[in-house]
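Undergrad: what follows is a predicted structure for the sequence shown.
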Protein chains: 2
Amino acid sequence: MKFKVKDVDLSTGGTLIVILNSEDAKKLDLHGGDRVILKKGKKEIITSVDITHSNKNIKNGQVGLFEEVLDTLKVKKGEIISVNPTHTPASIEIIKNKLDGKILSEKEINILVKDMVENDLTEMELAYFVSACYNEKLNHEEIVAFTKAVLKNGKQINFGRGIMADKHCLGGVPNNRTTMLITPIIASAGLKIAKSSSRSITSAAGTADTMEALAKIAFPLKKIKEIVKRANGCIIWGGAMELAGADNKLIKVRHPLRLDPEGLMLASILAKKASVGSTHVLIDIPIGKTAKIHSKKVAKNLKKKFIELGKTLGMKVQVMITDGSQPIGNGIGPNLEARDILYILKRDERAPKDLEKKSIMMANKLFRLTKTKASAKEILNSKVAYLKMREIIKLQGGKVSINPDNLELGKYTFDVKSTKSGKVSEMNNIKLTKVARIAGSPEDKKAGIYLYKHVKDKVKRGEKLYTIYSSSRDKLEYAKLASKNAIVIK
Amino acid sequence: MKFKVKDVDLSTGGTLIVILNSEDAKKLDLHGGDRVILKKGKKEIITSVDITHSNKNIKNGQVGLFEEVLDTLKVKKGEIISVNPTHTPASIEIIKNKLDGKILSEKEINILVKDMVENDLTEMELAYFVSACYNEKLNHEEIVAFTKAVLKNGKQINFGRGIMADKHCLGGVPNNRTTMLITPIIASAGLKIAKSSSRSITSAAGTADTMEALAKIAFPLKKIKEIVKRANGCIIWGGAMELAGADNKLIKVRHPLRLDPEGLMLASILAKKASVGSTHVLIDIPIGKTAKIHSKKVAKNLKKKFIELGKTLGMKVQVMITDGSQPIGNGIGPNLEARDILYILKRDERAPKDLEKKSIMMANKLFRLTKTKASAKEILNSKVAYLKMREIIKLQGGKVSINPDNLELGKYTFDVKSTKSGKVSEMNNIKLTKVARIAGSPEDKKAGIYLYKHVKDKVKRGEKLYTIYSSSRDKLEYAKLASKNAIVIK
């Protein structure tokens, strides 16, 4: 059937959707979520159908297109396109099979991941898939197949032969910016480490956001190879390179119920490592009431599975279970976190000792894992790591001068003070993150929190617990409201 | 925060949604699917958030509202409303618990059903709920609680004391319009039967659509009571009365994967029966390759559960497992099905014997279940049932003259003929339904199929298998294309 294009002036952020009114939908026997094939000249695309119940918005003979569809099909409003029913993607049956507890074959998983990457599945269908993987856990073979499929359907970088070190943290702990110390330490020892990091989704800053306070983070693959060849290391944003992009599609549908099925998580993490050719990977699983993983039991089970999966993929994986009960480092927010890093690298006395200690420990673990004779502490103390970081920052288009005190902070500030004397008994990662986000992190690089206290520290009544920074007076006010009970004194 | 309203000129058909651009969403730390409270003067509503990634469509400081939200909040484009984050409904945690395999309490199920009915849950969240019920089957107590909650959160009709007969068919078999024969037969014997039926969702016609060929089907509760008081029976559309409306919310999310979790189905069916005070219910489970239920094992298990649930609800439930391998009756589509019914009631020789026989059998079962001394065959033969149907049709605002030959059929017709001689070995319910729907059923009451053959009938090469009727030349052409292999001759 022929339809006249209406631009509905909206975007979905991915999924390709067309809107028909219910009368036209009935003429084609289409239901919400059914697939149609759109044709304009020789160009064809498959989208799913949304049905609107009044024909006031989408008139008979009209079809409403979202931005993504207009762009992909290269049509404008008022043009005529043909819309006809087509088969549902094979992935639907595959998702149904998983819901029914069947074990998926490598081929089926590959079809599914391909459809995910190509935006051929609706959010609701992806939600059913997430739910299926949550209830009918993926077995080892399925996880391996999923990892390979994610890898195959995304881009990869080949840095050549030899050891490629890597690390990953499961997250949930504010700051904890070990990557930005481990990378220069490891690279200083002559090992290669091409660290692809993520931006924040629900945190106050991802490593990519913090690195962006100092340098550029998005590069073409060729340029990344060049940087690593020269400096042995880089800290870049994985999202920009479409490395292992399949799991990005699941972020939105996982959000409402905060589901993160184990198998998908394992596959997505190790696929990202494999996409940059990592051979030796250290994984940090922080546990804590307000971290991502709450129990030691879950952490230990994950540890086992990470190691198994790594083995199958030909990757040496070591897993450490760490304390995730409070932020690690003092700053929360891009510039504040970057400042902590520079303090440590420059051996400044204002350096947060907890972050320094954890990073040294992790770097040494990676040295042992790769059988490298080197001491992280020495590399730090000799400022070799600082020089290496300066080299990486320069190669990544950052400023040559990286004085921590030059990092700008929000001009509106508020000191949160203790209402009683005692000891810090609890720090709520989730609440502290919320305060920093409302203050403007990570978009506003100058926004965030600076902590003066950690768990077990003594506090006097009226003493500062932390300062909130924001570039906006309004946001600071909202952040103040959210700051209640983020730190508990007993 | 204050926002200026933009009318996005779309409707969702239920769920309340507002659209913010990603910059504004970040200011409030909102993610897609999060809940916000909208305020305009004293009026407040809670909606979920959709985020658009360009600020071309929804500008900074603007919020896009769907039709449902504009109507509910009573605002127009250009007006200023406040939008602020609020808690997610308790239902989210309840759905998560079900996904985790926990058994839900009566109170939790009630909260969930209330949120469903009030459009407080997004389609994605409902999909997670359907998925949870599919994987972690509801137990008997949960099904009972769900039935009661659906009942409590919908309207009910009280017809007073005494026996209320009722029947239900699980569906998937074209025509099979037994309700329209059983109701007048039962009512003729002095028993009350307030039959609330559904419109078609994926079939060529629901009982409500077929009854609509003869009379009105939507009435206020008061009028329904009056009709049943006078005629002992009625055949009305349940959807118009919001009887047990909760499960309507799930139709759209069940569609993509065609999921129909057992517990939800049991609860939804018996809640509808309970909402009209039914005391004796006969349930028909047709099984067949292209019917809704494919295996005897599944049917038997359902039978057991229907009886158990009925017992707990104080309802006598009898279940029959029948042959669902082919259409029952000759017409498929509202007018064609209504004509079959009138042929039978008027004892016309063109009456389809299979539908007559099944309806007599079922009516007699209901007589035995309610300990009523009566013979369905005699009631039919004496034309008492015909007069009763005429009375009901008249009370429901239909025409007094109900000559089957006056029911109009589509003026464009096509005869599907056999390409070889042999025996009908298979009739595909799904394909025949598709042909009738594409021809225009059920919206076009005159459209559909008339069958000349059933399974095991002998056929000569070139002999007519069925005629397709449509009011549109185009639709007839599309229907012809879909008619391939709907009937198999061997």
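TA: All right, it came through fine.
Undergrad: show the pLDDT at A:N485.
TA: You'll see A:N485 listed with a pLDDT of 90.
Undergrad: which SS class is it?
TA: Here A:N485 is coil, with the state taken from DSSP: H, G, I helix; E, B strand; the rest coil.
Undergrad: next, count neighbours for it.
TA: Residues contacting A:N485 under the criterion other Cβ atoms under 10 Å in any protein chain shown number 9. All C-beta atoms are positioned from the backbone trio N, CA, C, and that covers glycine.
Undergrad: wait, doesn't it sit right on A:K431?
TA: Yes. Taking Cβ atoms under 8 Å as the definition, A:N485 is a contact partner of A:K431 at 6.8 Å.
Undergrad: biggest strand in chain A, by residue count?
TA: When chain A is parsed with DSSP state E, its longest strand is strand A:43-52.
Undergrad: mean confidence for it?
TA: Strand A:43-52 carries an average pLDDT of 87.
Undergrad: close to chain B: what parts of the stretch 101-250 of chain A are there?
TA: Contacts of the stretch 101-250 of chain A with chain B, taken as Cβ under 8 Å from any Cβ of the partner chain, map to A:122-125, A:127-128, A:131-132, A:134-136, A:202.
Undergrad: name the member of those residues with the most neighbours.
TA: Compared across these, A:A127 has the highest neighbour count, 30 neighbours, by other Cβ under 10 Å.
Undergrad: what secondary structure does the residue in the stretch 251-400 of chain A positioned nearest to chain B sit in?
TA: As assessed by Cβ to the nearest Cβ, chain B sits closest to A:P256 within the stretch 251-400 of chain A, at 4.3 Å. Here A:P256 is recorded as coil under three-state DSSP.
Undergrad: and for it, the neighbour number?
TA: The local packing of A:P256 (other Cβ under 10 Å) involves 24 other residues.
Undergrad: any idea how far A:N248 is from it?
TA: Distance of A:P256 to A:N248, given as Cβ to Cβ, to the nearest Å: 17 Å.
Undergrad: quick one: mean pLDDT for the helix or strand in which A:A194 is found?
TA: Here A:A194 is covered by strand A:193-197, with elements defined by DSSP states H and E. Across strand A:193-197, the average pLDDT comes to 94.
Undergrad: next: stretch A:56-64.
TA: On average, stretch A:56-64 scores 87.
Undergrad: quick one: is that stretch near chain B?
TA: Yes. Counting by Cβ under 8 Å from any Cβ, contacts between stretch A:56-64 and chain B involve A:56-58, A:64.
Undergrad: CA-only coordinates of the helix or strand in which A:L112 is found in PDB, if you can.
TA: Taking DSSP H and E as the criterion, A:L112 maps to helix A:106-117. Presented in PDB, the C-alpha positions along helix A:106-117 are these (Å, rounded to 0.1, in the frame of the first residue of the first chain):
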ATOM      1  CA  GLU A 106      25.800 -20.500  18.200                       C
ATOM      2  CA  LYS A 107      23.900 -19.800  14.900                       C
ATOM      3  CA  GLU A 108      20.800 -18.600  16.700                       C
ATOM      4  CA  ILE A 109      22.800 -16.400  19.000                       C
ATOM      5  CA  ASN A 110      24.500 -14.800  16.100                       C
ATOM      6  CA  ILE A 111      21.300 -14.100  14.300                       C
ATOM      7  CA  LEU A 112      19.900 -12.500  17.400                       C
ATOM      8  CA  VAL A 113      23.000 -10.300  18.000                       C
ATOM      9  CA  LYS A 114      23.000  -9.200  14.400                       C
ATOM     10  CA  ASP A 115      19.300  -8.200  14.600                       C
ATOM     11  CA  MET A 116      20.100  -6.300  17.900                       C
ATOM     12  CA  VAL A 117      23.000  -4.400  16.300                       C
END
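Undergrad: what is the three-state secondary structure of the closest residue to chain B within the stretch 301-450 of chain A?
TA: Relative to chain B, the nearest point of the stretch 301-450 of chain A is A:R437 (4.8 Å; Cβ to the nearest Cβ). Under the three-state scheme (three-state DSSP), A:R437 adopts helix.
Undergrad: and the residue nearest to it when sequence neighbours are not counted, helix, strand or coil?
TA: Nearest non-adjacent residue to A:R437, counting by Cβ to Cβ, 6 or more residues apart in numbering or on different chains: B:D29, 4.8 Å away. Each residue gets one of three states, and B:D29 gets coil by three-state DSSP.
Undergrad: what's near enough to touch B:D29?
TA: A:434, A:437-438, B:85 (Cβ atoms under 8 Å, 6 or more residues apart in numbering or on different chains).
Undergrad: residues touching the helix holding A:L112, excluding its own?
TA: With Cβ under 8 Å, 6+ apart, helix A:106-117 has contacts from A:89-91, A:94-95, A:97, A:104, A:121, A:126, A:129, A:141-142, A:145-146, A:148-150, A:152-154, A:245-246, A:249-250.
Undergrad: pull the distance from that helix to the chain's centre.
TA: 21 Å (Cα atoms, centre = their mean, to the nearest Å).
Undergrad: quick revisit: what would the next helix or strand after the longest strand of chain A look like as PDB? C-alpha coordinates only.
TA: Scanning forward in sequence from strand A:43-52 by DSSP H and E, the next helix or strand is strand A:62-65. Provided in PDB are the C-alpha atoms of strand A:62-65 (Å, rounded to 0.1, in the frame of the first residue of the first chain):
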ATOM      1  CA  GLN A  62      -0.500   8.700   6.100                       C
ATOM      2  CA  VAL A  63       2.400   7.100   7.800                       C
ATOM      3  CA  GLY A  64       4.300   8.800  10.700                       C
ATOM      4  CA  LEU A  65       8.100   8.300  10.600                       C
END
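Undergrad: counting by contacts, list what strand A:62-65 packs against.
TA: Contact analysis of strand A:62-65 by 3 or more Cβ pairs under 8 Å, 6 or more residues apart in numbering or on different chains; DSSP states H and E lists strand A:2-7, strand A:17-21 as its packing neighbours.
Undergrad: note down every partner strand of the shortest one and its orientation.
TA: Within its sheet, and counting by DSSP bridges, strand A:17-21 is paired with strand A:43-52 (parallel), strand A:62-65 (antiparallel).
Undergrad: now that strand: average pLDDT?
TA: Strand A:17-21 shows a mean pLDDT of 89 in the predicted model.
Undergrad: and the contacts of stretch A:248-261?
TA: With contact meaning Cβ under 8 Å, 6+ apart, stretch A:248-261 is reached by A:13-14, A:116-117, A:119, A:121, A:123, A:126-127, A:129-131, A:133-134, A:137-138, A:201, A:239, A:264, A:292, B:31-33, B:88, B:92, B:95-96, B:99, B:122, B:124-125, B:128.
Undergrad: buried ones among the residues you listed?
TA: Neighbour counting with 16 or more other Cβ atoms under 10 Å in any protein chain shown marks A:13-14, A:116-117, A:119, A:121, A:123, A:126-127, A:129-131, A:133-134, A:138, A:239, A:264, A:292, B:32-33, B:88, B:92, B:95-96, B:99, B:122, B:124-125, B:128 as buried within the contacts of stretch A:248-261.
Undergrad: mind listing which of the residues you listed are in helices?
TA: Judged by DSSP state H, helices contain the following of the buried ones among the contacts of stretch A:248-261: A:116-117, A:123, A:126-127, A:129-131, A:133-134, A:264, B:92, B:95-96, B:99, B:124-125, B:128.
Undergrad: quick revisit: from the contacts of B:D29, pick the one nearest A:G78.
TA: B:P85 (39.1 Å; Cβ to Cβ).
Undergrad: would you list the phi and psi of A:A218?
TA: A:A218 adopts backbone torsions of phi -120, psi 120, taken as degrees, to the nearest 10.
Undergrad: now for the nearest residue to it once chain neighbours are set aside, how many residues are close by?
TA: Leaving aside its sequence neighbours, A:A218 sits nearest to A:A240 (Cβ to Cβ, 6+ apart; 3.6 Å). If you count neighbours by other Cβ under 10 Å, A:A240 ends up with 16.
Undergrad: then A:K423?
TA: Number of residues near A:K423 (other Cβ under 10 Å) recorded here: 13.
Undergrad: name the SS class of it, please.
TA: Following three-state DSSP, the label given to A:K423 is strand.
Undergrad: pretty sure it contacts A:K453?
TA: No. Counting by Cβ under 8 Å, A:K423 sits too far from A:K453 to count as a contact (9.5 Å).
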